[in-house]
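A.B. asks: how would this look folded up:
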Amino acid sequence: MIKGYLLVERHIIEPISVSVKMNLVTVVLLLCVVVQRCPATVADNERPNIVFLLADDLGWFDVGFQGSEISTPNIDRMARDGVVLNNYYVQPICTPSRSQIMSGRYQIHTGLQHELIWPDQPNCLPLDEITLPETLKSAGYSTHAVGKWHLGMYKEECTPTERGFDTYFGYLTGSEHYYSHERAYKNMDGYDFRRNSDTDYSVVGNYSTMLFADEAIDIINNTNPDQPFFLYVAFQAVHGPLQAPQNYIDRYDFINNVDRRVYAAMTTVLDEAVGNITSALEQKGLSDNTVVIFSTDNGGETLVGGCNWPLRGRKHSYYEGGMRGVGVVTSPLLKRRGVYCDELIHVSDWYPTLLNLSGAQCTKPLDGYDQWKTISEGGTSPRTEILHNIDPMNVTTGGDTHNISMFDVHVQAAIRVGDWKLLTGNPGDGYWYAPPLAGGYKKRIMEDADKRIRLFNIALDPWETEDLSDIRFDKVLELIDRLVYYNSTAVEPYYPPGDPNADPKYRNGTWGPWE
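C.D. replies: This is a model prediction of the structure:
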C-alpha cells in the first residue's frame, strides 16, 4: 500500500493510504475563454526571488513522501515545510511542458501540439511568444537558466540568452550522455554543452546533475542583494540514459531490477542537488524572501526505471501516469505550510502565478491562471478545466465513434472538466506498472480495441479503472463541446521535417544553431 499523509486542520500528521490522499476536490464547470490573466504590480521591496527546479521524467511514485523506496530527504523536507500539489498536471512529454512554463499558453496556441522538438528540426518556441524570463526582466529581475533547454535551437534567436535569460549553462537538445555531454541522433553525433552562447568543453567527464547544482549555487552566492532573481534549473535527471556515480548505485543493492537501481541512484543525486541549492539559499540569507518550486516535466518512463504507481500509464500517455506531476512549493512567504493542495493546477499556471509575485505585467492572452492564493492560502482554484492537448497529426483509423460528428474522435485529444476527463483517439500506453519491489508486474484492463472515446471520473477513480463513456454519454457530449471550442482557437501544428544542415559535423562536432 502506498503511503501518503492525512490532513487534519490542514497539517500533515500521519501516514494513510493513497486512496484517501488522492481524493480530489470537486470543481464546477465554467465555460471559459482564453483571456488575459495579468496580476497587479507589487512594490519593489516585496518582490521575492524565484527558484524553479524542474526534474525530467520523474514519476509519481519516485519520491519518498509518496511512499517510494527511493531516498529523497531534501524533496521530502520541501513537502513537509511547504505545499504539495496533489492535483497538479504537466504534459506527457518534455517540450510541451517547458513551452507552457515559458509562455503560459497551451501548445495548441503555439503550434507545438505534436510530439517534441527533435535536434534536427528547424523549430522552436515561436519567437513572438513573450517568455517568462523576458517578462520578469521587465520587472527588474536578473534571470538565469541552468540545464536542459529543449525549446528549439535552429536559430541563435531561439536559444536561452536570446529568450530572456541573462546567463545560461547547459545543453540545448532533449537528452545526452551525463558525463561526455554528447548526443547521438539518427546518423548524427555531436557535443552539446554551452555557457551562454559559447560551447563549453571544460565540463567533459563531470556528471550533469552535480554540474547544474554547482552552477546554481554559484549564481546564488554571487547574486546582487539589491536585485531579485529568477533561477530556472532544468535538471537532466532522471531522463535516460540511465547513468549515475557507482557509489550512489551501490546504495540500492537491495533493488534487483538493474534499471530501477540506477534510476534510484540518479534520483538520490537529484535530491542531493535540490538540498544543496536550498541550503545555499539559507546560507546566503536569501531563503526568507525566496519561493522555491519543484516540479517534474512529465510522468515517469516506466520502460527505463520510473514508476507512477498507482496511476495508469507512463510518459507519452494521456492517462494520469503520464501527466499527473510531482509538484511542491516551499517558502516562508506561504501563509500555510505542511499541507496538501487538492485544487486543480496546471503547468501553464506558473507564468501568471510568478508574474503575480514579481509584479510584472503580461502583454499576451494566457491560458494559465494565477494560483498563488490557491497554493498559499488554500483558496479555491480559479481553474475548472484543463485542455491537455488536441493533436490533429495523431489520428487513428476506424473504431466506434458513437456517431459523434462535431469533433473527430479519431484525433488524439484529452481534456479535464471538473471531475471528468475525456480521452479521444489513441491515449497511449494504458498499463499499470507496479513498483519493482512489488514484482514490477504490469496490469491491463481488457477493453474494446476499437474504442475511440474514454471517460473517467478522476475524483472517484484517479486510477482510471472504469470507463464511463457508455453510461454517462451526456458528459461525453459536454466535454466534446469543450474540445470543439478549444479546437476553434488552435493554430496549425508546426512540425517540420529534419534538416540535414543540423548535423554537428558542419560545426566542429557540436550541436547548435545552423540558420
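
A.B. asks: Now the longest helix seen in the chain: buried residues?
C.D. replies: Counting by DSSP state H, the longest helix found in the chain is helix 258-283. Judged by neighbour count (16 or more other C-beta atoms under 10 Å), helix 258-283 contains these buried residues: 259-275, 277-278, 280-281. Every residue, glycine included, has its C-beta placed from N, CA and C.

A.B. asks: Pretty sure Arg383 sits against Asp349.
C.D. replies: Yes: between Arg383 and Asp349 there is a contact at 6.8 Å, judged by C-beta atoms under 8 Å.

A.B. asks: Those two: which is more packed in?
C.D. replies: More neighbours surround Asp349 than the other of Arg383 and Asp349, with 30 against 24 (other C-beta atoms under 10 Å).

A.B. asks: Could I get the full set of helices for the stretch 401-515 of the chain?
C.D. replies: 473-489 (DSSP state H, counting those that start in this stretch).

A.B. asks: for the chain, same thing?
C.D. replies: 18-21, 73-81, 94-103, 132-138, 208-221, 246-249, 258-283, 320-323, 350-358, 372-377, 473-489.

A.B. asks: Okay, angle between the second one and helix 258-283 too, please.
C.D. replies: For helix 73-81 against helix 258-283, the angle between stretch directions is 60 degrees (axes from the mean of the first three to the mean of the last three C-alpha atoms, to 10 degrees).

A.B. asks: quick one: common contacting residues for Arg383 and Asp349?
C.D. replies: Tyr369, Gln371 (C-beta atoms under 8 Å, 6 or more residues apart in numbering).

A.B. asks: which of the helices of the chain sits most buried?
C.D. replies: helix 320-323 (a mean of 29; mean count of other C-beta atoms under 10 Å).

A.B. asks: quick one, what contacts the residue nearest to Gly325 when sequence neighbours are not counted?
C.D. replies: The shortest distance from Gly325 to any non-neighbouring residue, by C-beta to C-beta, 6 or more residues apart in numbering, is to Val90 (3.9 Å). Residues near Val90 by C-beta under 8 Å, 6+ apart: Ser97, Ser295, Thr296, Asp297, Asn298, Gly299, Met323, Gly325, Gly327, His346, Val347.

A.B. asks: so who does the nearest residue to the second one once chain neighbours are set aside touch?
C.D. replies: Meaning Ser295. Sequence neighbours aside, Gly327 is the residue nearest to Ser295 in space, at 4.8 Å (criterion: C-beta to C-beta, 6+ apart). Gly327 makes contact with Val84, Leu85, Tyr88, Val90, Ile293, Phe294, Ser295, Thr296, Ile345 under the criterion C-beta under 8 Å, 6+ apart.

A.B. asks: Who does the fifth one form a beta bridge with?
C.D. replies: The reference is to Ile293. Counting by DSSP bridges, Ile293 is bridged to Phe52, Val329.

A.B. asks: Count the residues that sit near it.
C.D. replies: 23.

A.B. asks: Can I get stretch 88-103 as CSV, trimmed to CA atoms?
C.D. replies: Presented in CSV, the C-alpha positions along stretch 88-103 are these (Å, rounded to 0.1, in the frame of the first residue of the first chain):
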residue,chain,number,x,y,z
TYR,A,88,-1.2,19.1,-10.4
TYR,A,89,-0.8,18.4,-14.1
VAL,A,90,2.1,18.7,-16.5
GLN,A,91,2.2,17.5,-20.2
PRO,A,92,3.1,13.9,-21.2
ILE,A,93,6.5,14.8,-22.7
CYS,A,94,9.3,17.3,-22.4
THR,A,95,8.9,20.2,-24.9
PRO,A,96,5.2,20.8,-24.3
SER,A,97,5.6,21.2,-20.5
ARG,A,98,8.6,23.5,-21.0
SER,A,99,6.9,25.6,-23.6
GLN,A,100,3.9,26.2,-21.2
ILE,A,101,6.2,27.2,-18.4
MET,A,102,7.9,29.7,-20.6
SER,A,103,4.8,31.0,-22.4
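
A.B. asks: my guess is Arg183 meets Trp511, correct?
C.D. replies: Yes: contact criterion C-beta under 8 Å: Arg183 and Trp511 qualify, at 6.0 Å.

A.B. asks: wait, what's in contact with Ser142?
C.D. replies: Contacts of Ser142 by C-beta under 8 Å, 6+ apart are Asp166, Thr223, Asn224, Gln227, Pro228, Phe229, Phe230.

A.B. asks: wait, isn't Ser358 in contact with Ala139?
C.D. replies: Yes: Ser358 is within contact range of Ala139, at 4.6 Å (criterion: C-beta under 8 Å).

A.B. asks: Pull up the overlap in contacts between these two.
C.D. replies: By C-beta under 8 Å, 6+ apart, the residues touching both Ser358 and Ala139 are Arg47.

A.B. asks: Tell me how far the residue nearest to the spatial centre of the chain lies from Thr223.
C.D. replies: Taking C-alpha atoms, centre = their mean, the centroid of the chain lies closest to Asp297, which sits 2.2 Å from it. According to C-beta to C-beta, to the nearest Å, Asp297 and Thr223 sit 25 Å apart.

A.B. asks: for Arg416, same thing?
C.D. replies: 38 Å.

A.B. asks: Repeat that for Thr363.
C.D. replies: Applying C-beta to C-beta to Thr363 and Thr223 gives a distance of 27 Å.

A.B. asks: if you count what's nearby, which of those two comes out ahead?
C.D. replies: With neighbours defined as other C-beta under 10 Å, Thr363 and Thr223 compare such that Thr223 has more, 18 against 11.

A.B. asks: What about the contacts of Val90, which are in strands?
C.D. replies: Ser295, Thr296, Gly327, His346 (DSSP state E).

A.B. asks: Model confidence score at the first one, please.
C.D. replies: Reported pLDDT at Ser295 in the predicted model: 98.

A.B. asks: was I right about it contacting Leu53?
C.D. replies: Yes: in this structure, Ser295 is within contact of Leu53 by C-beta under 8 Å, at 7.4 Å.

A.B. asks: okay, those two: which has more neighbours?
C.D. replies: A count of neighbours by other C-beta under 10 Å puts Leu53 above the other of Ser295 and Leu53, at 26 against 21.

A.B. asks: Name the nearest residue to the more buried one, sequence neighbours excluded.
C.D. replies: Phe294 (4.7 Å).

A.B. asks: Assess the claim that that neighbour and Met78 are in contact.
C.D. replies: Yes: look at Phe294 against Met78 with C-beta under 8 Å: they come within range, at 5.9 Å.

A.B. asks: Cool, thanks, signing off.
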